[in-house]
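Asker: the following comprises the amino acid sequence and a computationally predicted model.
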Amino acid sequence: MRKCSVFLLLSSLLIHKSAGLKCYTCSTTEDDADTTCESDPASVTGGVTDCDKKYCIIVRLDYKDPRGKLQSILRSCVDKPTYLNEVLEDETHRAYYRSCRSDLCNSGTGRADSSNNDNGSLGDKSTIYVPGIGENGAVFIAASVTTTALAFIFGHYLR
């Protein structure tokens with residue numbers, strides 16, 4: 001019985017739960033009849049993905065004339081965004097590149113102007129992006145708990 005308990009304890013410590021980043025993943029263009037991806041990505045069927053990437057992104061392309069008219073929007077997940085948070089313009093278009101690293105953070109419109117009631121927008125200029133080390137603390141904690149448990153078990157049997 002004791003050996004079975006030890007085996008179950010060790011087995012439970014070695015199970016690693018995946019903690020993937022959840023992102024909205026959808027796209028739409030000006031020609032699409034369904035613009036749900038732009039206005040309400042949470043209601044897009046199959047629009048939430050458990051990603052194995054580091055960033056959720058929004059890439060939004062608007063016309064400059066007429067001002068703010070959507071040409072396309074993409075919500076996805078990537079390992080390395082083209083731009084972290086930029087607004088680029090040419091003579092006819094304004095491109096918004098937004099990236100973030102928390103679950104379902106790519107829900108806003110993607111525009112930089114927060115005065116347009118862009119709830120969940122990634123364009124808030126008061127946000128400071130600080131890159132992490134690319135790993136979460138769960139791995140370190142699991143390794144520490146496993147090491148401590150093994151030391152305790154072997155110490156108990158070696159007495």
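Answerer: Nice, I can see it.

Asker: any regions of the protein where pLDDT drops low?
Answerer: Of all residues in the chain, those with pLDDT under 70 make up the ranges 1-19, 112-147, 149-152, 154-159.

Asker: do a quick rundown of the helices in it.
Answerer: Here the chain has its helices, by DSSP state H, at 2-14, 36-39, 137-158.

Asker: contacting residues around the shortest one?
Answerer: So that's helix 36-39. In this structure, residues lying in contact with helix 36-39 by C-beta atoms under 8 Å, 6 or more residues apart in numbering are 24, 26-28, 43-44, 47, 70, 73, 75, 109. (Glycine included, C-beta is placed from N, CA and C.)

Asker: go with 10 Å
Answerer: Counting contacts by C-beta atoms under 10 Å, 6 or more residues apart in numbering, the residues outside helix 36-39 that touch it are 24-30, 32, 42-45, 47, 58, 60, 70, 72-75, 109-110.

Asker: which of the residues in it are buried?
Answerer: Buried residues in helix 36-39, counted by 16 or more other C-beta atoms under 10 Å: 37-38.

Asker: over to stretch 51-67?
Answerer: Using 16+ other C-beta under 10 Å as the test for burial, stretch 51-67 gives 51, 53-62.

Asker: how's this protein carved up into domains?
Answerer: The domain map for the chain lists 1-19+136-159, 20-132, with the assignment taken from automatic domain parsing.

Asker: ok, back up a step: strands - which of the buried residues of stretch 51-67 land there?
Answerer: Helix and strand membership here follows DSSP state E; of the buried residues of stretch 51-67, those in strands are 51, 55-62.

Asker: isn't S99 right up against R75?
Answerer: No. Between S99 and R75 there is no contact, the gap being 11.2 Å when judged by C-beta atoms under 10 Å.

Asker: give me the common contacts of these two.
Answerer: Overlap of the contact sets of S99 and R75 (by C-beta under 10 Å, 6+ apart) consists of 56-59, 106.

Asker: as JSON lines, these with distance to T36 would be great.
Answerer: Output for those, formatted as JSON lines (distance: C-beta to C-beta, whole Å):
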{"residue": "C56", "distance to T36": "18"}
{"residue": "I57", "distance to T36": "18"}
{"residue": "I58", "distance to T36": "15"}
{"residue": "V59", "distance to T36": "17"}
{"residue": "N106", "distance to T36": "15"}
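
Asker: cheers, nothing more for now.
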